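Colleague: here is the input, now give the coordinates:
(one chain, ligands or ions: 1)
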Amino acid sequence: MTYPGTTTQPLRVAVVGSGPAAFYAVEYLFRQVGLNVEVDMFERLPTPFGLVRGGVAPDHQKIKTVTKAYDQIAADPRFRFYGNVEFGRHVTLADLREHYHQIVYATGAQTDRRMGIPGEDLRNSHAATEFVAWYNGHPDYRHLQFDLSQERAAVVGVGNVAIDVARILCRTPDELRTTDIADYALEALSHSHVKEVYLLGRRGPAQAAFSNPEIKEVSEMEGAEPIVLPEEAELDELSKSAIASSADRSLRKKVEILQGYAVRQSTSKARKLHIRFLVSPVELIGDESGQVVKMKLVKNVLVASETGTLNAKATDQFEELPVGLVFRSVGYRGVPLPDVPFYERWGVILNEQGRVLDPEAKQPRVGEYTTGWIKRGPSGVIGTNKPDAVETVTCMLEDLTQAHVLHPVQPEARCVEDLMRQRQPHYFSYADWQRLDEMEVARGKAQGRPRVKFISVEEMLGALGRA
Ligand code: NAP
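Modeller: As a prediction, the model looks like this:
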């Protein structure tokens, strides 16, 4: 018996999403010797790369060079890109089943987790994910406004996203001017009045989720300095023994860095980044106009769970922190896709090792797979998506030999192209994106910046002469 991919009939694969996980899945498919495969990638935005373009902080340009590897994957003649095409709107699951043998969902985690406390929706209280998308020029978020006339801001959570947000709030205009931050964000942040930024960790220094290079970097900012309270930098007995028995040396290093901040002499830098530990917001308090003016924090202690994890436990001690701007940075969350099984509790597509599961039968759905944050949740760095994608593609290849594939009635590439022309005449090919990319880089060069981004779909269409 022969299967698509092993004969002259190519295995046709649709990938929904174009971030790192999507590209790593394609890369691994293309690396299979003897596999005759073609991949079409569908992306809601005209531009590819997901959080590499819309999430990675603008002052972390080096991380973004990873897209060079994605360009190489896209240069393969077996690859096609359909940008500005939304799954569920321009192309549905039923369409994909008509045209492909296998489908991979790699849509990431597009929204945020909530704190679940009173006052969370007061004016000037935002999701960090929205601020990140705004300063990165994501077309859907460019209209947002953040009240940077406030002098005191809090960022809830101590993960790498929280650090990114705090750093961008603390950077000087000169530091930001050398990045690819959206022009409107550069303008707004250049006039920011924010002086004090509070990063709030509910557990202790040894449990902070940020990584060491990120926490080191905050001491190297031009106009801001990190401050840690000596009593909060001290480890409790449970954390001390957890560190002593841990093989992870970077954990010890992280605590050393934070304890170093606690004993440093203050400098004359105008902005202060206060990194607090063992505190949880329990309420945001507003004024008569509904604008946040302070936060009520409870002091926590650490207690060991049955599994040995150290959890935060609230005490009966409270404090009030006056702040006029709040960003919750307590994790991203996946968004369900039309007609695709979703596990609400974890905010991911229901799956086993990347095989999408039927919610009732708990059996794999034929031909449907998932990879990246929408598969495993919002954890890990860009590289974490590589082994994740390999796991998913391995399942796809195993299923191929068992003929557990879809049976498209129109598997030819040109049929999809015809369909896209009808459904979304303004779709962007990879060549279109590369022209935009060149223009962005050229605009940046003129200003001594890595690029100046186009920030609306209309602008992008206009730049290509297709308005
Ligand atoms: P994260 O690493 O999971 O951190 C979430 C933070 O929110 C943790 O400090 C967590 O504390 C805290 N938190 C959760 N629920 C809370 C609550 N109800 N109240 C108070 N605090 C709460 O998530 P992230 O920062 O969004 O980052 C997502 C992933 O992207 C991570 O893997 C991160 O490393 C990665 N990333 C990497 C970079 C980089 O490499 N430069 C940059 C950005 C993002 P607990 O630990 O106590 O739960």
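Colleague: residues touching the residue of the chain found nearest the ligand, list them.
Modeller: Nearest residue of the chain to the ligand, counting by C-beta to the nearest ligand atom: residue 159, 2.2 Å away. (Each C-beta comes from the backbone N, C-alpha and C, glycine too.) If you count contacts by C-beta atoms under 8 Å, 6 or more residues apart in numbering, residue 159 has them with 209-210, 329, 331.
Colleague: can you rerun that using 6 Å?
Modeller: residue 209 (C-beta atoms under 6 Å, 6 or more residues apart in numbering).
Colleague: so what's residue 415 closest to, chain neighbours aside?
Modeller: Nearest residue to residue 415, sequence neighbours excluded (C-beta to C-beta, 6 or more residues apart in numbering): residue 99, at 6.2 Å.
Colleague: do you know how far the one you found is from residue 4?
Modeller: Distance of residue 99 to residue 4, computed by C-beta to C-beta, to the nearest Å: 12 Å.
Colleague: please identify which of these two sits among more neighbours.
Modeller: residue 4 (25 against 21; other C-beta atoms under 10 Å).
Colleague: how about that one, secondary structure?
Modeller: coil (DSSP: H, G, I helix; E, B strand; the rest coil).
Colleague: residues of the stretch 201-350 of the chain that sit close to the ligand?
Modeller: 201-203, 207, 209, 214, 280, 329-332 (C-beta under 6 Å from any ligand atom).
Colleague: any quick PyMOL command for the buried ones out of those residues?
Modeller: To isolate the buried subset of those in PyMOL, counting by 16 or more other C-beta atoms under 10 Å, use the following:
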select buried, resi 201+202+203+207+209+214+280+329+330+331+332
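Colleague: show me what residue 127 bridges to in the sheet.
Modeller: According to DSSP bridges, the residues that bridge with residue 127 are residue 328.
Colleague: neighbours of it, how many?
Modeller: Other residues close to residue 127 by other C-beta under 10 Å number 20.
Colleague: now do the one 5 residues further on
Modeller: Per other C-beta under 10 Å, the neighbour tally for residue 132 reads 25.
Colleague: next to the ligand, which bits of the stretch 351-467 of the chain? Give me the list.
Modeller: 378-381.
Colleague: in stretch 377-392, what's buried?
Modeller: The neighbour-count criterion (16+ other C-beta under 10 Å) identifies 377-378, 382, 384-386, 388-392 as the buried residues of stretch 377-392.
Colleague: tell me which two of those sit farthest apart.
Modeller: 378 and 390 (19.5 Å; C-beta to C-beta).
Colleague: could you pull up phi and psi at the nearest residue to residue 172 once chain neighbours are set aside?
Modeller: Spatial nearest neighbour of residue 172, excluding adjacent residues (C-beta to C-beta, 6+ apart): residue 223 at 4.2 Å. Residue 223 has phi and psi values of phi -120, psi 20 when expressed as degrees, to the nearest 10.
Colleague: how about residue 223, what does it touch?
Modeller: 172, 269-271.
Colleague: would you write a PyMOL line that selects the buried entries of the residues you listed?
Modeller: Here is the PyMOL selection string for the buried members of those, based on 16+ other C-beta under 10 Å:
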select buried, resi 172+271
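Colleague: now the contacts of residue 223 as JSON lines including distance to residue 52, pLDDT and secondary structure?
Modeller: Below are these laid out as JSON lines (distance: C-beta to C-beta, whole Å; pLDDT from 0 to 100; DSSP: H, G, I helix; E, B strand; the rest coil):
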{"residue": "172", "distance to residue 52": "25", "pLDDT": "98", "secondary structure": "coil"}
{"residue": "269", "distance to residue 52": "31", "pLDDT": "96", "secondary structure": "coil"}
{"residue": "270", "distance to residue 52": "32", "pLDDT": "95", "secondary structure": "coil"}
{"residue": "271", "distance to residue 52": "28", "pLDDT": "98", "secondary structure": "strand"}
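Colleague: got the contacts of residue 223 as JSON lines, with distance to residue 258 columns?
Modeller: Output for the contacts of residue 223, formatted as JSON lines (distance: C-beta to C-beta, whole Å):
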{"residue": "172", "distance to residue 258": "24"}
{"residue": "269", "distance to residue 258": "18"}
{"residue": "270", "distance to residue 258": "22"}
{"residue": "271", "distance to residue 258": "19"}
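Colleague: quick check: the farthest pair among the contacts of residue 223?
Modeller: 172 and 269 (9.7 Å).
Colleague: ranges for the helices of the stretch 351-467 of the chain?
Modeller: Using DSSP state H, counting those that start in this stretch, the helices of the stretch 351-467 of the chain run over 373-376, 385-401, 413-423, 430-446, 457-463.
Colleague: pick the most deeply packed of these.
Modeller: Each of these was given a mean neighbour count from mean count of other C-beta atoms under 10 Å, and the largest, a mean of 27, is that of helix 373-376.
Colleague: contacts for that one?
Modeller: Contacts for helix 373-376 (C-beta under 6 Å, 6+ apart): 105, 107-109, 334, 348-349, 351, 354.
Colleague: please tell me how far the nearest residue to residue 341 once chain neighbours are set aside sits from residue 365.
Modeller: Spatial nearest neighbour of residue 341, chain neighbours left out: residue 350 (4.2 Å); criterion: C-beta to C-beta, 6+ apart. Distance from residue 350 to residue 365, counting by C-beta to C-beta: 9 Å.
Colleague: could you point out the helix or strand that follows the helix or strand harbouring residue 272?
Modeller: Following DSSP states H and E, one finds residue 272 within strand 271-276. Next along the chain after strand 271-276, taking DSSP H and E as the criterion, comes strand 279-286.
Colleague: ok, that next one: who's next to it in the sheet?
Modeller: strand 292-304 (antiparallel).
Colleague: what's the angle from whichever helix or strand comes after the partner strand to strand 279-286?
Modeller: The C-terminal neighbour of strand 292-304 among helices and strands, as given by DSSP H and E, is strand 310-322. Following axes from the mean of the first three to the mean of the last three C-alpha atoms, to 10 degrees, one obtains 30 degrees for the angle between strand 310-322 and strand 279-286.
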